[in-house]
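Participant: Output the structure for:
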Amino acid sequence: METSKRERTIQTNEKGVYVPLSRWSSRHEKTFGKKKKEKWNGDFRKPPKPKHYYTKTKGNCRWCGNVILNDKEDTINTRKSWHEDCATEYLLIYHSGEQRAQLWNRDEGICNKCGYFDLHWEADHIRPLVEQKGVKEKDLDWSYYTLDNLQTLCKKCHREKTTSEVKLKTRSKNAKKKKK
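Facilitator: This next block holds a predicted model:
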């Protein structure tokens, strides 16, 4: 009697729970796979992760590197890898969906420039991330990646702001060329 394709890809774990191998193996690799230190390529939109991010020491925060203590006792919590504040900071920097959620909680879709409420609002960096372009890893200004540097703008105001920033950048480039 032959087994179906589905039956061949299902295995039981030690508790007798059926787990499809294809789903389990890809998830396991994503969760527990080898984390190799990424070389930062200078992409200002995705800053480099700190050296603590790649730690294998249990009980240390992957963002700040400090020890994580249990709430009730002063013992090291080896089950956690992040302080709550550090996890929020990490998500704000590396996950745009989290940025938008936090921005919505703060501004509720109201444009910071004209005060118009729009469900199709846009997240804008007050100080543009492009200013971080070409900066070395050790000289990065992390305040560019915080919630304080984000604002809610309607599409019209965002377009106007972006256009004015591009014009200003073009003028400064032209001024530098004339000096040479």
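Participant: all strands for the protein, in order.
Facilitator: 10-12, 18-20, 122-125, 150-153 (DSSP state E).
Participant: can you give me the helices for the chain?
Facilitator: Assigned by DSSP state H, the helices in the chain fall at 5-8, 21-32, 84-94, 96-107, 155-179.
Participant: Could you export these as TSV, including mean pLDDT and mean neighbour count?
Facilitator: For the C-beta atoms, the positions are set from N, CA and C on the backbone; glycine is no exception. Supplementary listing: those in TSV, determined by pLDDT from 0 to 100; neighbours: other CB atoms under 10 Å:
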stretch	mean pLDDT	mean neighbour count
helix 5-8	47	8
helix 21-32	56	10
helix 84-94	90	16
helix 96-107	93	14
helix 155-179	84	12
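Participant: can you list the domains in this protein?
Facilitator: Listed domain ranges for the chain are 50-94, 108-180 (source: automatic domain parsing).
Participant: between those domains, which one is nearest to Phe44?
Facilitator: domain 108-180 (3.9 Å; CB to CB).
Participant: how far out from the middle of the chain is that closest one?
Facilitator: Between the centre of domain 108-180 and the centre of its chain there are 18 Å (CA atoms, centre = their mean, to the nearest Å).
Participant: where does Asn149 sit relative to Asp118, distance-wise?
Facilitator: Applying CB to CB, to the nearest Å, the value for Asn149 to Asp118 is 21 Å.
Participant: Then Arg79?
Facilitator: Between Arg79 and Asp118 the computed distance is 42 Å (CB to CB).
Participant: Name the residue in these two with the higher neighbour count.
Facilitator: Asp118 (16 against 9; other CB atoms under 10 Å).
Participant: how about the nearest residue to the more buried one, chain neighbours excluded?
Facilitator: In space, and not counting its chain neighbours, Asp118 is closest to Cys154: 4.5 Å by CB to CB, 6 or more residues apart in numbering.
Participant: for Ile76, same thing?
Facilitator: By the measure of CB to CB, 6+ apart, the closest residue to Ile76 outside its immediate chain neighbours is Gly59, 4.0 Å from it.
Participant: and that neighbour, how many neighbours?
Facilitator: Burial measure for Gly59: 17 neighbouring residues, criterion other CB under 10 Å.
Participant: who's in contact with stretch 145-163?
Facilitator: 47, 89, 92-93, 99, 102-104, 106-107, 109-114, 116, 118, 120-127, 129, 143 (CB atoms under 8 Å, 6 or more residues apart in numbering).
Participant: Count the residues that sit near Cys111.
Facilitator: Count around Cys111 with other CB under 10 Å applied: 21.
Participant: how close does it sit to Ser96?
Facilitator: Cys111 sits at a distance of 19 Å from Ser96 (criterion: CB to CB).
Participant: Many thanks, I have nothing further to ask.
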